[in-house]
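Student: sequence and predicted structure below; questions after.
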Amino acid sequence: MASRAALAVGVAALGVIVYITLAFRKVQNAFRYGICAIIAMVHDVAVVFSVAGIGARFFDWQMDALFLTALLTVIGFSVQDKVVVFDRIRENANLLRKLEYEKLVNHSIVQTLQRSINTQLMTVEFLLLALALFGGVTLQEFAVILLVGLLSGTYSSIFVAAPILVLWEKREWTTWFGRGANA
């Protein structure tokens with residue numbers, strides 16, 4: 001099951017990079033958008049595996065086909081949310097050309113925030129919370145993994161993927177990795 005999960009995540013990651021690069025082909029450095037989405041997706045997958053590990057330790061959860069289904073669902077929602085944010089950045093880049101890139105990304109995130117909250121929290125998260133609380137033992141693991149994974153996906157679209165994109169665009173990674181601003 002672990003090898004199938006790793007293979008599924010790897011295939012999904014390659015597909016996401018290809019899709020985003022093609023969808024954003026008119027944007028300069030479109031490949032960056034795909035890589036940033038994958039980095040944030042890896043964050044989401046790590047959160048899902050952490051929750052599953054905690055569940056396995058304390059509640060005897062299993063990493064089975066239902067877990068793999070939840071993982072792939074989280075990846076799909078996660079990537080979709082990142083594409084929405086990145087698409088808004090792309091649209092605003094054409095409209096607000098004189099705006100500094102960091103402010104452009106922030107403006108785009110603010111514009112998509114209400115949609116993300118309404119879509120994720122108001123519809124999916126409340127349903128999954130009800131399923132986790134009242135759905136029975138067989139669905140509880142699935143619902144909890146989806147609940148945490150989708151929250152992580154929404155969080156990472158705003159606080160992981162977009163900031164990495166800004167960091168890459170402004171080439172500020174040297175200040176983050178110890179060589180200092182003067183390197």
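Tutor: All right, it came through fine.
Student: switch to C-alpha atoms for all contacts and neighbour counts from now on
Tutor: Fine.
Student: do I have it right that Val160 meets Val42?
Tutor: No: at 10.5 Å, Val160 does not count as touching Val42 under the criterion of C-alpha atoms under 8 Å.
Student: how close does Ala46 get to Tyr155?
Tutor: 13 Å (C-alpha to C-alpha, to the nearest Å).
Student: separation between Phe59 and Arg115?
Tutor: From Phe59 to Arg115 the distance is 34 Å (C-alpha to C-alpha).
Student: tell me the pLDDT of Trp176.
Tutor: Per-residue confidence (pLDDT) for Trp176: 58.
Student: circling back to that earlier point, for Ala46 and Tyr155, indicate the residue with more neighbours.
Tutor: Neighbours per residue (other C-alpha atoms under 10 Å) separate Ala46 from Tyr155, with Tyr155 holding more: 17 against 14.
Student: what residue ranges in this structure score low on pLDDT?
Tutor: For the chain, the stretches with pLDDT under 70 are 173-183.
Student: what are the ranges of the helices in it?
Tutor: Counting by DSSP state H, the chain has helices at residues 2-23, 30-59, 65-95, 101-116, 126-134, 137-156, 162-169, 173-176.
Student: now, of the ones you listed, which is deepest in the fold?
Tutor: Across the helices of the chain, the average number of neighbours (mean count of other C-alpha atoms under 10 Å) peaks for helix 137-156, which reaches a mean of 21.
Student: can you list contacts of that helix?
Tutor: The contact list for helix 137-156 (C-alpha atoms under 8 Å, 6 or more residues apart in numbering) reads 40-41, 43-45, 47-48, 51-52, 55, 61, 66-67, 70-71, 73-75, 77-79, 81, 116, 120, 125, 128-129, 131-133.
Student: nothing else from me, thank you.
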